[in-house]
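J.: just coords:
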Ligand SMILES: CSC[C@H]1O[C@@H](n2cnc3c(O)ncnc32)[C@H](O)[C@@H]1O
Ligand SMILES: [Zn+2]
């Protein structure tokens, strides 16, 4: 057995207490072997110094489109519908498989540098996303996003079938770090006839569903007008609210839908920065937490955020949650730290997000010596309100050190950035011709 010790740090435990202790990792199994004082643990093959640092579970970005790093800053300050149709989709139509690979690599680099070790991704050319994740050493639930509106029947069927094939082919890839889901884009961009036909096949395959739901009012009202029922009630009718399923956004949900989410165990991935930037609305997160809904946290794509820093997302979630509830005690520091760790991991079906024996060895270490983290009254407060992705010094996933002392070991940072820069410019140029 090859072992790694993360030594001398303050460690965030699952009950949100912080204790000075060491973490011992079995690198072959990619699991945490033990958490305990240095003197009680056996010697390890390798040691990572966490002195003056805070050891946390690797953050889990439970909804994103990693390759959209290519579109960061390309189209800002517009609402969802026109942003997608006028700006984003025309460029995405030009993206080649190698563009998706380059954009995903850039996204993964940013994740590693900011302490994210796991994520869920909905995109296309997913075989390239798989390659990038395999090489970068992260953990991910991946899927091909299905859109049927505006497509003829053959193309719509092909899209759904691609999603099923991708989910079947890559589930368990990269030694189990990659799992999959079938990913209809949303309840308004995929036709009912296709959901009726293909959701039973998804269930047979045994993978979860992931889709955008109740993101904007404009997305809710056509469903309510046409069907006289709420979107998530329609989703339940379509067998799309299993305990393994998770929806992105859940901004415009009413009390009945919150109950439905809690009863079925369907996860909700809160994306506060995207919701603010696209002016989609304020999700009732405290009400969902009170009802017992599994709530995770995601950045969405970098074209609507504009970064993949989960520390920023925690802060945004806490701030927006208070505003939405008109209550300063709502969505407190502990709640957002839980969302970004255990909540997201549970929604995605990962055995991560907790530093305890038997959990995946997915970890991040922050340098606490920065002026913006001084004094240290409450480290959970610092995680939620004061820390930044750039405070992360070490990132470990599946027991492997991906970044040590801020040096990314798994990819060549400069060439990843250079390649993405060129491919982004070329794709936008092709789209404007
Ligand atoms: C078909 S692959 C996924 C698809 O989703 C688009 N997208 C990015 N952000 C959002 C969002 O907030 N709501 C809905 N759709 C979004 C992305 O551009 C891809 O086309
Ligand atoms: Zn999205």
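T.: Yep, it's here. Quick caveat: nothing in here was measured; it's all calculated off a predicted structure. Ligands and ions are numbered 1, 2, ... in the order given.

J.: number of nearby residues for residue 98?
T.: 12 (other CB atoms under 10 Å). Just so you know, the C-beta spots here come from the backbone N, C-alpha and C atoms, and that holds for glycine as well.

J.: which residue sits closest to the residue in the stretch 51-200 of the chain that ligand 1 sits nearest to, ignoring its sequence neighbours?
T.: For the stretch 51-200 of the chain and ligand 1, the shortest gap (CB to the nearest ligand atom) falls at residue 145, measuring 2.5 Å. Nearest residue to residue 145 in three dimensions, chain neighbours excluded: residue 122, at 4.4 Å (CB to CB, 6 or more residues apart in numbering).

J.: Tell me if that neighbour really is in a helix.
T.: No. Assignment of residue 122 by DSSP: H, G, I helix; E, B strand; the rest coil gives strand, placing it outside any helix.

J.: rewinding a little: quick check: the residue of the stretch 51-200 of the chain closest to ligand 1 vs residue 159, distance?
T.: Taking CB to CB, to the nearest Å as the measure, residue 145 and residue 159 are separated by 9 Å.

J.: neighbour count winner among the two?
T.: Between residue 145 and residue 159, counted using other CB under 10 Å, the more crowded position is residue 145 (24 against 21).

J.: Please name the residues that touch residue 398.
T.: Neighbouring residues of residue 398 by CB atoms under 8 Å, 6 or more residues apart in numbering: 30, 137, 139, 175, 177, 360-362.

J.: Compare these and tell me which has the most neighbours.
T.: Of the contacts of residue 398, with other CB under 10 Å as the count, residue 362 tops at 33 neighbours.

J.: Would you check that it makes contact with residue 400?
T.: No. Under the criterion of CB atoms under 8 Å, residue 362 makes no contact with residue 400, lying 9.9 Å away.

J.: which residues sit in contact with residue 131?
T.: Applying CB under 8 Å, 6+ apart to residue 131 gives the contacts residue 101.

J.: how near is it to residue 174?
T.: 10 Å.

J.: Ok, residue 326 next?
T.: Separation of residue 326 from residue 174 (CB to CB): 45 Å.

J.: higher neighbour count, those two?
T.: Higher neighbour count among residue 326 and residue 174: residue 174, with 19 against 7, using other CB under 10 Å.

J.: Look at the closest residue to the more buried one other than its chain neighbours and give its secondary structure.
T.: Using CB to CB, 6+ apart and skipping residues adjacent in sequence, the residue nearest residue 174 is residue 134, 4.4 Å away. Look at residue 134: counting by three-state DSSP, its state is helix.

J.: Near residue 134, how many other residues are there?
T.: 16.

J.: quick one: contacts for it?
T.: Contacts of residue 134 by CB under 8 Å, 6+ apart are 173-174, 177-178.

J.: from those, which two are the most distant?
T.: 173 and 177 (7.6 Å; CB to CB).

J.: give the contact list for the residue nearest to residue 249 when sequence neighbours are not counted.
T.: Counting by CB to CB, 6+ apart, residue 249 lies nearest to residue 215, which is 4.0 Å off, once chain neighbours are set aside. For residue 215, the contacting residues are 80, 186, 248-249, 251-252, 275, 280, by CB under 8 Å, 6+ apart.

J.: And residue 343, by the same measure?
T.: Going by CB under 8 Å, 6+ apart, residue 343 touches 62, 267, 294-297, 353.

J.: Give me the three-state assignment for it.
T.: helix.

J.: ok, and the closest non-adjacent residue to residue 358?
T.: Nearest one to residue 358, counting by CB to CB, 6+ apart, is residue 31 at 6.3 Å.

J.: From residue 257, how far out is residue 211?
T.: Using CB to CB, which is the criterion applied here, residue 211 is 14 Å from residue 257.
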